[in-house]
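Chemist: Sequence below, structure please.
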Amino acid sequence: MWGCGSWVSGEVRARYEGRIAACVEVDRDRYGRVVARCRVDGKDLGETLVESGLAFAYERYSEAYVPQERIAARRKAGLHATGVKSPAAFRADTRRGHSAQRLTSAPEGCTIKGNISSNAGARIYHVPGQSWYEATRISMDKGERWFCSEQEAQAAGWRRALR
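Modeler: Numbering: from 1, shown residues only. Below you'll find the model as predicted:
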C-alpha cells in the first residue's frame, strides 16, 4: 500500500504552510466535532483541495464538493492519477474483506452461522444469501458456532432466520 495520506499532507503543507485560514463553523458531527468551511485568500479550501485531487468529497454527509471531485477525476488530478480508492470505497472493501476473513475462519464447508440473538437469547442460524448473513458475526465465546448443514443446526436446537 502507498502512504497517500503522507503525500497529500506534504502537498497541502507546501501550498498552505504559514498562510492564514479563516474558518466558519457550519455544523457539528454526531461526535460533537466541529464541521467548518475554511477559506485561504478568499478561496474555499475544501473546494480547492477536492478539485486538485488532494481530497475526496464525502457524499455520505454532503454533496458540496461532488462537482469538484468529478472535475478532478476527469482530469486525473492528484490522487485520481494514481488509481487510489476513495476512503468510502476503501472502507467498504475492507468491510467486505473482513466478512470474507470471518468466513475463512469457519471449518471447511461449514458456512452456516449459528448466532444467539442479544434481545431474547434465541438460537438462530443464517445461511449464505439471507438478509443478515453478511452482518452476522460469530462469537465462539458466547456459544455461537458454525454449522455444516441446516439439518445439523436444527438437530442442535437452532432455528432458521426469517430473512
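
Chemist: Report the central residue of this structure.
Modeler: Centroid check for the chain by Cα atoms, centre = their mean gives residue 91 as the closest residue, at 2.9 Å.

Chemist: next structured bit after the helix or strand hosting that one?
Modeler: When elements are assigned from DSSP states H and E, residue 91 belongs to helix 87-104. Sequence order places strand 112-116 as the next helix or strand after helix 87-104, per DSSP H and E.

Chemist: Now do that following strand: which elements does it pack against?
Modeler: Strand 112-116 sits against strand 123-126, strand 145-147, helix 150-155, with contacts defined as 3 or more Cβ pairs under 8 Å, 6 or more residues apart in numbering; DSSP states H and E. Heads up, the C-betas are built off the backbone N, CA and C, glycines and all.

Chemist: what pairs with it, and is each one parallel or antiparallel?
Modeler: Taking DSSP bridges as the criterion, strand 112-116 pairs within the sheet with strand 123-126 (antiparallel), strand 145-147 (antiparallel).

Chemist: And those: which comes nearest residue 137?
Modeler: strand 123-126 (10.6 Å; Cβ to Cβ).

Chemist: Quick one: distance of the closest one to the chain centre.
Modeler: Relative to the mean C-alpha coordinate of its chain, strand 123-126 is positioned 26 Å out (Cα atoms, centre = their mean, to the nearest Å).
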